[in-house]
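Novice: here is my input; please provide its structure:
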Amino acid sequence: MEEIITENNIQKIEEIKKNIDLSHHTFTYYGLSIQNQISKFSDNILQNMLAKENDDVGNDLLKLVDTIQKFDENSSKKNKFFIFKNQKINLDKIISNFYVTQDNIDNIVSSLKSHKIQLLKNMHILENIYNNNEIYFKELNIHILAAEQKLEEYKKIDIEKQRKISNEKNSPSELQKLKNMEDNVANFEKRIHDLKISKTISLQMAAQIKLIQNNNKILIEKIQSSIVNNIPLWKNQIIIALGIHTAQKSLEAYKQVINATNKSILENTEGLKKDIKDNISLEDLKKTNTHLLEIVQDVLKTQKEQIIEQEKIIENHDK
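Specialist: Residues are numbered from 1 along each chain as shown. This is a model prediction of the structure:
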């Protein structure tokens, strides 16, 4: 927060100086209302820091990690399979374990979403506190400048004037007036010092607010990342693992069909070889071949006889 003295601030300083009366005890309350506001801001920030919201978010994030790890451990123990490793799995147990884990994760996600909403509200509250703190910081700085200027004028003018009177008259009453005025100066200097402490607190508070806001922002980003990235990624890994399992089952079934088919073909081939070997001799093949030749020759003979008959008919017709 910058301490810029503008023309408008100079006018405010002059107005404030006019209302400062160092001859009256009311100056002990100078700037007190501003200090009270800064004190309220400190209380609000303290309440925000003491709130269990951040701890709850951290606990839920740890629960999320623990739930996923337990799912993997349970899958490994019960099924002798770690879900992200290439080993055989028991599908029914994995699915059952997944649904239980998913219910727990859904509950954690619901809680994280509630925390996210509350953190966003807290950031809005802190932003308002920061803006108001900045306003009161500037006001406090103006009051300090006005007090310092007023004090300097009071020393140079009022104190010096009273000192001359006291020296001239040398009376106890005048000396007491001088002493009272000097005491008021000392007390007002303490008051200014007190205001400067409040100014330092206000400055530190601004940094604290931004630190808390930044922490809240990081928590919100972690919650958002867990909800939209980490959890879907975990579910996708489960889907991939189950898909690989299904593909492996299909491949095994295909291999069984191929093996059965190959076996059947092999058996048929062996049977055919055996039939040929056991039942068909060379003599049988010669007989079959001779019979086939006789059939062919008989067909050719019949065809030749038909041609001769046709020629005779043609000759008779011509005569």
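
Novice: identify the residues contacting residue 184.
Specialist: Residues near residue 184 by Cβ atoms under 8 Å, 6 or more residues apart in numbering: 22-23, 27. Just so you know, the C-beta spots here come from the backbone N, C-alpha and C atoms, and that holds for glycine as well.

Novice: same thing but at 10 Å, please
Specialist: 21-25, 27-28, 151, 154, 158-159 (Cβ atoms under 10 Å, 6 or more residues apart in numbering).

Novice: closest one of the residues you listed to residue 168?
Specialist: Here the nearest of these to residue 168, counting by Cβ to Cβ, is residue 159; it sits at 15.0 Å.

Novice: so who does that closest one touch?
Specialist: By Cβ under 10 Å, 6+ apart, the contact set of residue 159 is 22, 151, 153, 178, 181-182, 184-185.

Novice: could you do residue 182 as well?
Specialist: Applying Cβ under 10 Å, 6+ apart, the residues near residue 182 are 155, 159, 162-163.

Novice: separate out the buried members of the residues you listed.
Specialist: Among the contacts of residue 182, those scoring as buried are 159, 162 (criterion: 16 or more other Cβ atoms under 10 Å).

Novice: can you list the buried residues in stretch 158-169?
Specialist: For stretch 158-169, a neighbour-count test (16+ other Cβ under 10 Å) marks 159, 162, 166 as buried.

Novice: cool, stretch 116-129 as well?
Specialist: Residues of stretch 116-129 classed as buried by neighbour count (16+ other Cβ under 10 Å): 116, 119, 122-123, 126, 129.

Novice: just checking, residue 119 touches residue 214?
Specialist: No. Using Cβ atoms under 10 Å as the test, residue 119 is too far from residue 214 to be in contact (11.9 Å).

Novice: domain parsing for this structure?
Specialist: As given by automatic domain parsing, the domain ranges for the chain are 7-245, 284-319.

Novice: please identify which helix or strand holds residue 113.
Specialist: Per DSSP states H and E, residue 113 falls inside helix 91-153.

Novice: just checking, what packs against that helix?
Specialist: helix 7-18, helix 32-50, helix 53-79, helix 172-225, helix 231-279 (3 or more Cβ pairs under 10 Å, 6 or more residues apart in numbering; DSSP states H and E).

Novice: worst average pLDDT in the ones you listed?
Specialist: Out of these, helix 53-79 stands lowest, with a mean of 63 (criterion: mean pLDDT).

Novice: may I see the buried residues of stretch 116-129 organised as TSV, with pLDDT and distance to residue 33 added?
Specialist: Putting the buried residues of stretch 116-129 into TSV (pLDDT from 0 to 100; distance: Cβ to Cβ, whole Å) gives the following:
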residue	pLDDT	distance to residue 33
116	86	37
119	85	32
122	84	27
123	87	28
126	86	23
129	86	17
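
Novice: out of those residues, who's nearest residue 227?
Specialist: Among the buried residues of stretch 116-129, residue 116 lies closest to residue 227 (Cβ to Cβ), at 8.3 Å.

Novice: can you tell me, leaving aside adjacent residues, what's nearest to that closest one?
Specialist: residue 223 (4.8 Å; Cβ to Cβ, 6 or more residues apart in numbering).

Novice: is the one you found in contact with residue 110, as I believe?
Specialist: No. Residue 223 is beyond contact range of residue 110, at 11.6 Å (criterion: Cβ under 10 Å).

Novice: the two: which has the busier surroundings?
Specialist: When neighbours are counted by other Cβ atoms under 10 Å, residue 223 and residue 110 differ, and residue 223 comes out ahead with 21 against 11.

Novice: alpha carbons only: can I get stretch 147-166 in PDB?
Specialist: The C-alpha coordinates for stretch 147-166 follow below in PDB (Å, rounded to 0.1, in the frame of the first residue of the first chain):
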ATOM      1  CA  ALA A 147      -0.800  14.900  14.300                       C
ATOM      2  CA  GLU A 148       2.900  15.300  13.700                       C
ATOM      3  CA  GLN A 149       2.400  18.700  12.000                       C
ATOM      4  CA  LYS A 150       0.100  19.800  14.700                       C
ATOM      5  CA  LEU A 151       2.600  18.700  17.400                       C
ATOM      6  CA  GLU A 152       5.400  20.500  15.700                       C
ATOM      7  CA  GLU A 153       3.400  23.700  15.500                       C
ATOM      8  CA  TYR A 154       2.300  23.400  19.100                       C
ATOM      9  CA  LYS A 155       5.900  23.100  20.200                       C
ATOM     10  CA  LYS A 156       7.200  26.000  18.200                       C
ATOM     11  CA  ILE A 157       4.300  28.300  18.900                       C
ATOM     12  CA  ASP A 158       2.300  27.500  22.000                       C
ATOM     13  CA  ILE A 159       5.000  25.900  24.100                       C
ATOM     14  CA  GLU A 160       7.500  28.700  23.300                       C
ATOM     15  CA  LYS A 161       5.000  31.300  24.000                       C
ATOM     16  CA  GLN A 162       4.100  29.800  27.400                       C
ATOM     17  CA  ARG A 163       7.800  29.400  28.200                       C
ATOM     18  CA  LYS A 164       8.400  33.100  27.600                       C
ATOM     19  CA  ILE A 165       5.500  34.000  29.800                       C
ATOM     20  CA  SER A 166       6.700  31.600  32.500                       C
END
